[in-house]
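> when you get a sec, could you give me coordinates for this:
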Amino acid sequence: MRGRRQWWVAAVAVAVVLGGAGCSAGGGGTGPKTLRDGLLTEERLPEGYALFPGESDGTSALAADDPDEEDGPEPLASMPCVDLGVDPFVTLHAPPLEVAGVGIAPAAEGDRGAGPDWYGRETLGRYPSGGAAKVLAELRRTALRCAVSTDVSPDGSNRIDQFVTAEPFGTGLLLTVTTRAGATRESLTDRTAVLRDGDVLLVVQEIGGEEDSTGLPGLVDAAAAAYRDAAGR
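Got it, this is the predicted structure:
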């Protein structure tokens, strides 16, 4: 529990800074003119992190699926709980009008305690008026619906238990998804921080992290600073 307390102290400190420095809980923010201008770059990443190869300019755009397509993704309200570990599930199941994202990985020479399967992603999504607030509300309901769920591997040899929590985090929320494999007892923790600035959602994910990882607050702080600068704040 000591590691958990240390992590949460760091998270709360970041949330307080964000709440008083630009990411507004109100409905007036529209963000940077071009969302990709507000993404993290190599220069802005905390020590120990790097961008995925091929995304070093921080301008990779994610294609948003048409929500009206017959075979499109299910909305957040009915998506499978296992998709909470899919990257990036927010824009997949709640497609915005405009979206941009960049991948994050542990730096080759940095040692932040991340396992070999760790990776992260930052996503910015711009929604129609009132849309971002609705997505946040639906995320809270989804976390409650998916608080405890179980899946079984296709061959029936392994039981996968998943536990989900949602906690207030600055102008948004923090989703924590812990997955435990029954056969190996392996446990992985995914975290998704979602902040709202008017009709824009800033999402920072760490996938496959350790239970007591302390890296996400620093990434969120850096991402919010880049966003504020691009928005001229």
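> in a strand, residue 129, correct?
No. Residue 129 is assigned coil when assessed by DSSP: H, G, I helix; E, B strand; the rest coil, not a strand.
> I'd say it and residue 199 touch.
Yes. The criterion here is CB atoms under 8 Å, and residue 129 meets it with residue 199 at 6.1 Å. C-beta: built from backbone N, CA, C; applies to glycine.
> looking at these two, which one has more neighbours?
For residue 129 versus residue 199, the count of surrounding residues by other CB atoms under 10 Å is larger for residue 199: 21 against 10.
> could you report the neighbour count for residue 39?
A count of nearby residues for residue 39, using other CB under 10 Å, gives 27.
> what does residue 44 give?
Burial measure for residue 44: 14 neighbouring residues, criterion other CB under 10 Å.
> repeat for residue 77
Other residues near residue 77 come to 11 when the count uses other CB under 10 Å.
> nearest residue to it in space, please, no chain neighbours.
If you skip the residues right next to it in sequence, residue 77 has residue 138 as its closest partner in space, 6.0 Å away by CB to CB, 6 or more residues apart in numbering.
> could you pull up phi and psi at that neighbour?
phi -70, psi -30 (degrees, to the nearest 10).
> my guess is it meets residue 74, correct?
No. Here residue 138 does not reach residue 74: they are 12.0 Å apart, not a contact under CB under 8 Å.
> among those two, which residue is more densely surrounded?
When residue 138 is set against residue 74 and neighbours are counted by other CB under 10 Å, the residue ahead is residue 138, at 17 against 11.
> residues contacting that one?
In this structure, residue 138 makes contact with 75-77, 94, judged by CB atoms under 8 Å, 6 or more residues apart in numbering.
> out of these, who's nearest residue 151?
Proximity to residue 151 was ranked across the contacts of residue 138 by CB to CB; first place goes to residue 76, at 18.5 Å.
> and that closest one, how many neighbours?
A count of nearby residues for residue 76, using other CB under 10 Å, gives 21.
> which of the helices or strands spans it?
Under DSSP states H and E, no helix or strand contains residue 76.
> would you mind measuring from it to residue 128?
In this view, residue 76 and residue 128 are 16 Å apart by CB to CB, to the nearest Å.
> stretch 164-178: end-to-end distance?
Distances were taken as CA to CA, to the nearest Å; on that basis the terminal residues of stretch 164-178 are 7 Å apart.
> typo on my end, stretch 75-85
When the termini of stretch 75-85 are compared using CA to CA, they are 15 Å apart.
> show residues contacting that stretch.
67, 73-74, 89, 92-94, 135, 138-139, 141-143, 145-146, 149, 151, 160, 162, 164, 175, 177, 179, 190, 192, 207.
> OK, contacts around residue 149?
Residue 149 makes contacts with 81-82, 161-162, 164, as judged by CB under 8 Å, 6+ apart.
> run through the bridge partners of it.
For residue 149, the beta-bridge assignment (DSSP bridges) gives partners residue 162.
> read off the pLDDT value for it.
According to the per-residue confidence, residue 149 scores 88 in pLDDT.
> I'd like to know how far it sits from residue 156.
Using CB to CB, residue 149 is found at 17 Å from residue 156.
> please pull up the helix or strand immediately following the helix or strand of the chain with the lowest mean pLDDT.
Within the chain, no helix or strand scores below helix 2-19, which has a mean of 46 by mean pLDDT, DSSP states H and E. On the C-terminal side of helix 2-19, the nearest following helix or strand under DSSP H and E is strand 49-51.
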